[in-house]
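Colleague: What shape does this take:
(2 chains)
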Protein chains: 2
Amino acid sequence: MATATAPPKDLSMVKKDAHPFERAQLEGLMTKRFFYTQAFEIYGGVAGLYDYGPSGAALQANIISHWRNHFIIEEDMLELDTTIMTLSDVLKTSGHVDKFSDWMVKDLKSGDIYRADHMVENVLEARLKGDEEARMKEAGAAASSASPAPADDKKSKKKAKSVAVKLDDNVAKEYRHVLAQIDDFGGAQLHDLIKKYDIRAPATGNEVSEPTEFNLMFESSIGPTGQTKGFLRPETAQGHFVNFERLLDFNNGRVPFASAQIGKSFRNEISPRAGLLRVREFTMAEIEHFVDPENKSHPRFHEVESLVLPFLPAHVQKAGETTISKMTLGEAVSSGMVDNQTLGYFLGRIFLFLEAIGINPERLRFRQHMDNEMAHYASDCWDTEIHTSYGWIECVGCADRSAFDLTMHSQRTKHDLMVQEPLKEPKVYQKYVPTINKKVLGPFFKKNAKVIEDTILSMGQECLRKMQNDLESSGKAPLQANNETFEVTKEHVQIEYKTIKESVRNFIPNVIEPSFGLGRIFYALLEHSFWAREEDKERGVLSLPPLVAPFKVLIVPISSNEQLSPMARDISKKLRSLNIASRIDDSNATIGRRYARNDELGTPFACTIDFASVSKGTITLRERDTTLQRIGTVDQVIDVVARLCSGRLDWNGACQILPAYTGTQDIEAEK
Amino acid sequence: MATATAPPKDLSMVKKDAHPFERAQLEGLMTKRFFYTQAFEIYGGVAGLYDYGPSGAALQANIISHWRNHFIIEEDMLELDTTIMTLSDVLKTSGHVDKFSDWMVKDLKSGDIYRADHMVENVLEARLKGDEEARMKEAGAAASSASPAPADDKKSKKKAKSVAVKLDDNVAKEYRHVLAQIDDFGGAQLHDLIKKYDIRAPATGNEVSEPTEFNLMFESSIGPTGQTKGFLRPETAQGHFVNFERLLDFNNGRVPFASAQIGKSFRNEISPRAGLLRVREFTMAEIEHFVDPENKSHPRFHEVESLVLPFLPAHVQKAGETTISKMTLGEAVSSGMVDNQTLGYFLGRIFLFLEAIGINPERLRFRQHMDNEMAHYASDCWDTEIHTSYGWIECVGCADRSAFDLTMHSQRTKHDLMVQEPLKEPKVYQKYVPTINKKVLGPFFKKNAKVIEDTILSMGQECLRKMQNDLESSGKAPLQANNETFEVTKEHVQIEYKTIKESVRNFIPNVIEPSFGLGRIFYALLEHSFWAREEDKERGVLSLPPLVAPFKVLIVPISSNEQLSPMARDISKKLRSLNIASRIDDSNATIGRRYARNDELGTPFACTIDFASVSKGTITLRERDTTLQRIGTVDQVIDVVARLCSGRLDWNGACQILPAYTGTQDIEAEK
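Modeller: Okay, here's the model as predicted:
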C-alpha cells in the first residue's frame, strides 16, 4: 500500500493522489506516542471527547505560546480569562439559547439520530462516488484502481456506503450543486432534499423524521436551589462583551483595542465525527477587536497588503462552484470583496501565523460565508479552511460581528456599552427640537397621550419642520399615531430650531472577531507534517517546525555505558537553562530505533554522545528530515541548537558552522 | 482609618494588628485596575464566578508559567490536558458521585440555604466575639477599641452578627474546642451541635432543618439522547488515572514518574463566600506522582531535608489546639510525623514555589488532616495553609492517595493498571498451589461448585497446607463456604508444593498528589503584596516580585512631546524581543500619577524618557518599592532590567552598575 514518502521539503508540492496519505497510520502513531487518545478509553470512550498526552499537550502548548506572541504580545491585546459556566440570561441575549442549534433527524424505526445536513451530504457524496465507480467500470478501467475506502469507514456504522450505480448526468450535476451549498440550508430545505432525493438512514435504509432543532449547548444549574440556569460557553466571545466597560476603561476609554482569550469551549454535537475535527470540548483562541464603525481602516494594513491569498467568495459558491481566486489582500479589500482593512489585516495575520507553525500554505483557503450560513450576529465572515484527508475544514473564522452583541447586552442590562470620543472640533449644527407640554397634552389626549408623545419625540427632522410650519401658520397640526389622526396645538407642543454644540461623539463599537479552533489546527498540522521514509514505510516522521515541536532535542548516549551518563545530564541541564525542551533516551534500543522513535515525536534535532565525546568533548547533531549529522564541541552544538530553535538560523546556516560528521567508527561499534 | 504602610521589605514582619489590612481597599484596586471582577457583573453577577482581566490574567499566567518550570520542567513530569466533561461512570468509580458533597441546612421558614459547617462556625465565632466585647466592657475598656467589623459584613446578609453577651468560661472553651475540629464533623454531629447550642439561621433567627447532603458536582448530559450522564470534573486527578496505562507506556513502563495538569475544575458550592477563596469554577494544578508502595523514598529528598517548616499535626488539632511546631523536613519524616520522603519532598518543593512567587513564608503552615476530614481516598494528607484576612486558607493539598484510585478503576474496567517490574534476581520460593478438577467438582457440587472453587482459590498458604495434609492422610478434607461445611476429595482438587520462579513483580503504584488551588494562591499573594505609602494612603502598592508581576516595565515619556515617542517605541520593541512585558503610559497625567497607577499594577520598574534622553541617550530606571531612580544609557538600563527580571540580579546589584539619578531638572520642568 502506498504511503506519503516524499521528503518534507516537497510535502507542500505533494499531490494527494500521487502519495495517498494513510490516516490510519497517523492515528496509530497518535495513540502509540500519546499525542492524544479518546477520553475515558478504558471505560469504552465517549464520542467527541479527547485527552492530550505529553506529546500532544506540549505541541498544543507551543502552538498556544506562538499564538500569544504573534497576536497578544505583538499587538498589545488585553488578555482575559472568563468563566466557562455562563449565566443563561447572557446567552439568551446573545441569541444562543434560541438559535445555537443544528438540525437533527431520527431513524423512524431504530431511533438512531443523525445530524441532518451531514446525513444529506454523506448520502449524496456516496452516490456520486458510486456513479464514478460505475463510469470507471463502463470505461473498462480496472475496478481495483478505484480509490480505497477511507480507513475509518469500518468504525463508522452510520456512514453511507457507495454502491457502483451510474447517475443521470443532470442528477449528478444537481447533487454537486447541492453539496456546494450544503452549509446554506435550513431545516425546511433539508427536509425537501431528503424527500426529493429519497434520502434514508445510512445504517438501516429506514425513513427519517422531519428535521428538528437541537440546541448545542451543555446545560447545568448553578447553586443548590436549581433556580439559576447556566450553560457551558459555546465560545469565549460573550465573556469579552460582558466585560466591555472594564476593558474600555483599562484602555483609557479609547478604541480601537482588542481583547483576547484562550480557553475551553463546549458544543454538545449531535454526532461527533472525524476525530479531533468535530468534538464536544475544545480549546479556542478568540480575539475581539473593537473598532469605530465609521473607520475600519487599520494602521498596520500596509504590512500585509501585498500578501497573495487564495479566496473563495460567496458569489462563486452560490453559483455552485468552488474555484479559488488568488489575489493580494490589497486588491481583495480595495475591490470590496473583503469588507474592510481590519478584516483584511486579520486574514493576513492568520495566514502568517498558520504558515509559521507549519501549515502547508498550498492547502489553505479563505472561504466567505453565504448569507444563510452566516452566524446570526455577523455582517461579513471569512473562514480560513485547511485541507485535510477529511476535505476542507474550517479552522479559523474571521467575522465582522458589527455592533450586534454590545447593542443587545446594552438593551438588556441598561448599561451603556458605548465609546465616548471627545471631538477635536465641537460639532455645531442646527436642528428642530420638540418640547412637550405634558400638563396640557396628558389630560387632553388621556389614554392616547403616551403614544402621541412617543410619536413626536421619534419624528425625523423633515416631519418636525413641517409640524413647526403648521403650528406657526395655523396654531395646530395633524399627527398620525396608532393608525388614527390626531390634531395637536401650540399648547401641546412647541418646536424650536436650535443650535446644538456637541463635544463628544457616542457610539457602540463594531467588533471584528478572529476565532481559532486550536484542536482543528493541531490536527491539520499533524496531517501536513506526517510522512514516511521510503526505506522505513512502517514508521512515520512528523516534520514539525522547531517552533512548535513538543521536544526540540533528543539526547542519545550511544550505549548505556556509565561513562556517558554525566555528559547526557550536563547537556540536558544546559538546554533546560536555555528553556529548550529535551529528552534523554538512554534505553537499550539501537541508536537507529531511538532516532526513529523520536522522528515519530517530531523532535527536530538529536545530540549523540559517543566515546569520542568523552575523550574529545565533541558531540554530533542530527537533523530529523535529512538525517544528516554534523559535529562540534558541546558548547558549539548547543549554541547552534539554540539559534535553530529560536529561528535565528536554518539548517543550511548550521552546516556552515558545524562540519559534517564522518567518523562513524564509534557509532558502528556500538550498534 | 489605619492602613498597612510598612515598606514591603518589612511586610513579612508586620503584625496584622499593628497595621490593620483593609480588605475593601484591596478589593477596590482589584476591580479598578481589572485584576478580576465578579462574572456577569452587568447582569447582576453570579456568586462564586469570577472573570480575570488583563492584569489578573497576566499575573495568573506568570504564576502558571513558574509552576510549569518549577515542577513540570524541573522534574520531567508528563503534562496532560484531559477533558473537563467527565463520564459519570468514572466519577462513580472514584467515589465522587456518592461522597463528594457538603452538608446543607434550610431555614425552615424562609427557605434560605446554608452550608451547615459554615453556619455553625459562623455563629459560634460571633458568640465568642460577643463574649470578648462583653468582657472588654466589663474591664472598662473603651468600647470603640473593639476590632471593627470586617468590611464585607455589610454585603453578606447571611452573616451572623456579634452581640456583646458574656459566655460562661466553660462554654467559651467548649466553643473554641468545637471550632478547632470543625472540619472533622459529619452531618449527624453537626445536627447535634445545632441542637445543643441552639444554632439558628443567622439572617432570620429561624430554626433550620436537619443537615442533608448536597453533591457538589455540576451535572449535564452528553449527546442528543440525554442517556449519557456527565459531570464537570471536580478535580483534574481522574483524567490522570484513566490514562495511567498510556502514561506508564510513555515512560517505558517504569515508576516513579509524575503526570501534571493545569486546568479548570468546578464545584457547585452551596454558598460561595470570601471572594476568590471559595468559588464554583477555578484553575487547579495537579501532580500525580506514581510510586512503588514499598519504596516511597525520593532521590532528591536531600535537597530539601534541611528546610525548616511550620507544621500543625493532626494530634495537636484533635486536642483542640493550633500550636505550630517548627522543624526540618528531615526530622518531620524521620520521626514518622510526615509519612514518607516523597510526601516530604513535595512539601519542601511547595514551600519553595510559594516563597519564589512572593508568598510571605511567615504566614504559611502545613496542617495535617484529621481522620474524618481526610478525603475518602487518602491515607495521609497535609494542607499548605496561607494566612489571609479571612484566616488560614487551604491553598495546596498534598495527599497520599495510596493505590485507591487505580485499584478502583482497575476493578471496574477490568484493565490491569499495574506496573511490571523486572526483578534483577528472579524470586524463587515454594508454595502450595491448588488445581481444581472442574469436570468432577462441577457435577458433584452443582450450584455450590462455583463458591467452593472460589473459596479454594482464595485460600491462604496455611489453609492449603492443612488441606493438603488432610487429603494426603484421609483422601478428603472439610471446607467452610457460604456458612456450610462441605467435604472435598482428591478427585475434586489436588494440592502441590511447587517451586515458583518469578522474574517480574506486579504492583499497583501508590499516588502522592500535590494539588494546587491557583486562584487561592493568587488571592493570598495579592494580600501579602499589598500596602500603601505613608504619604499616599489612598493608593495601594502591590509589591509583586518581577517573576510574576503582570507587567515588568512601565515606559514613561516625561511629556507628550512628539520628540519622545520614537524612543518609547524603541525601548518597547527592545524589551519585547527579550520577552519582557512592558506598557507605555503616554497619557497626559502627571509623572507622579503615572508612577502611582503602575504601583497599583505591581509593575516593578519604570523607564523614564526626558529631553536629556533625546540629547544624551540616557534614561532613568525607577524601582517601585523604594521609588529610587538610577540612570544609564538605553542599552545599559535594558540589560540591567533583563537581569533583574530573570532573577540574575537584585536591586542592590543594579545600584552597583547604574549611578543614582540626581539631575531632576528636566522632570521638574515638566510636572
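Colleague: I'd guess A:Val97 is in a helix, am I close?
Modeller: Yes: A:Val97 forms part of a helix when assessed by DSSP: H, G, I helix; E, B strand; the rest coil.
Colleague: Could I get the buried residue list for stretch A:576-593?
Modeller: A:580-586, A:591 (16 or more other C-beta atoms under 10 Å in any protein chain shown). In this view, the C-beta of every residue, glycine as well, is placed from N, C-alpha and C.
Colleague: among those, which are in reach of chain B?
Modeller: For chain B, the contacts drawn from these by C-beta under 8 Å from any C-beta of the partner chain are A:581, A:583.
Colleague: Next secondary structure after the helix or strand where A:Thr407 lies?
Modeller: A:Thr407 is located in helix A:404-413, with elements delineated by DSSP states H and E. Scanning forward in sequence from helix A:404-413 by DSSP H and E, the next helix or strand is strand A:419-436.
Colleague: same question for that following strand, mean pLDDT?
Modeller: Throughout strand A:419-436, pLDDT has a mean value of 92.
Colleague: Alpha carbons of it, as PDB, please.
Modeller: C-alpha atoms of strand A:419-436 as PDB (Å, rounded to 0.1, in the frame of the first residue of the first chain):
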ATOM      1  CA  VAL A 419     -17.400  54.700  23.500                       C
ATOM      2  CA  GLN A 420     -17.300  58.500  24.200                       C
ATOM      3  CA  GLU A 421     -15.000  60.100  21.700                       C
ATOM      4  CA  PRO A 422     -14.000  63.700  22.500                       C
ATOM      5  CA  LEU A 423     -14.300  65.700  19.300                       C
ATOM      6  CA  LYS A 424     -11.300  67.800  18.400                       C
ATOM      7  CA  GLU A 425     -13.600  70.400  17.000                       C
ATOM      8  CA  PRO A 426     -17.000  70.500  18.700                       C
ATOM      9  CA  LYS A 427     -19.700  69.700  16.200                       C
ATOM     10  CA  VAL A 428     -22.000  72.700  15.800                       C
ATOM     11  CA  TYR A 429     -25.300  72.300  13.800                       C
ATOM     12  CA  GLN A 430     -28.900  73.300  13.900                       C
ATOM     13  CA  LYS A 431     -31.900  71.100  14.400                       C
ATOM     14  CA  TYR A 432     -35.600  71.100  15.300                       C
ATOM     15  CA  VAL A 433     -36.200  70.200  18.900                       C
ATOM     16  CA  PRO A 434     -39.700  69.500  20.200                       C
ATOM     17  CA  THR A 435     -40.800  70.300  23.700                       C
ATOM     18  CA  ILE A 436     -43.900  68.600  25.000                       C
END
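Colleague: got the angle between the very next helix or strand once past it and strand A:419-436?
Modeller: Once strand A:419-436 ends, the next helix or strand along the chain (criterion: DSSP H and E) is helix A:438-445. Helix A:438-445 runs at 60 degrees relative to strand A:419-436, counting by axes from the mean of the first three to the mean of the last three C-alpha atoms, to 10 degrees.
Colleague: buried ones in helix A:438-445?
Modeller: Across helix A:438-445, burial judged by 16+ other C-beta under 10 Å covers A:441, A:444-445.
Colleague: ditto for stretch A:300-313
Modeller: A:301, A:304-305, A:307, A:309-313.
Colleague: Go back to the residues you listed and keep what's next to chain B.
Modeller: Counting by C-beta under 8 Å from any C-beta, nothing from the buried residues of stretch A:300-313 sits close to chain B.
Colleague: Let's have those in CSV, adding secondary structure and pLDDT.
Modeller: As requested, the buried residues of stretch A:300-313 are exported to CSV (DSSP: H, G, I helix; E, B strand; the rest coil; pLDDT from 0 to 100):
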residue, secondary structure, pLDDT
A:Phe301, helix, 97
A:Val304, coil, 97
A:Glu305, coil, 97
A:Leu307, coil, 98
A:Leu309, strand, 98
A:Pro310, strand, 97
A:Phe311, strand, 98
A:Leu312, strand, 96
A:Pro313, coil, 95
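Colleague: that older thread, and of the buried residues of helix A:438-445, the nearest to chain B?
Modeller: Closest to chain B out of the buried residues of helix A:438-445 is A:Leu441 (35.5 Å), distances taken as C-beta to the nearest C-beta.
Colleague: Return the residues in contact with that closest one.
Modeller: Residues near A:Leu441 by C-beta atoms under 8 Å, 6 or more residues apart in numbering or on different chains: A:449, A:452-453, A:488, A:492-493.
Colleague: For the closest residue to A:Asn215 other than its chain neighbours, grab the count of nearby residues.
Modeller: Nearest non-adjacent residue to A:Asn215, counting by C-beta to C-beta, 6 or more residues apart in numbering or on different chains: A:Ser101, 4.6 Å away. For A:Ser101, the neighbour count with other C-beta atoms under 10 Å in any protein chain shown is 16.
Colleague: gap between A:Ser101 and chain B?
Modeller: 11 Å (C-beta to the nearest C-beta, to the nearest Å).
Colleague: one step back: the buried residues of stretch A:300-313: which two are farthest apart?
Modeller: The span of the buried residues of stretch A:300-313, defined through C-beta to C-beta, is set by A:Phe301 and A:Leu312 at 21.7 Å.
Colleague: Thanks a lot, see you next time.
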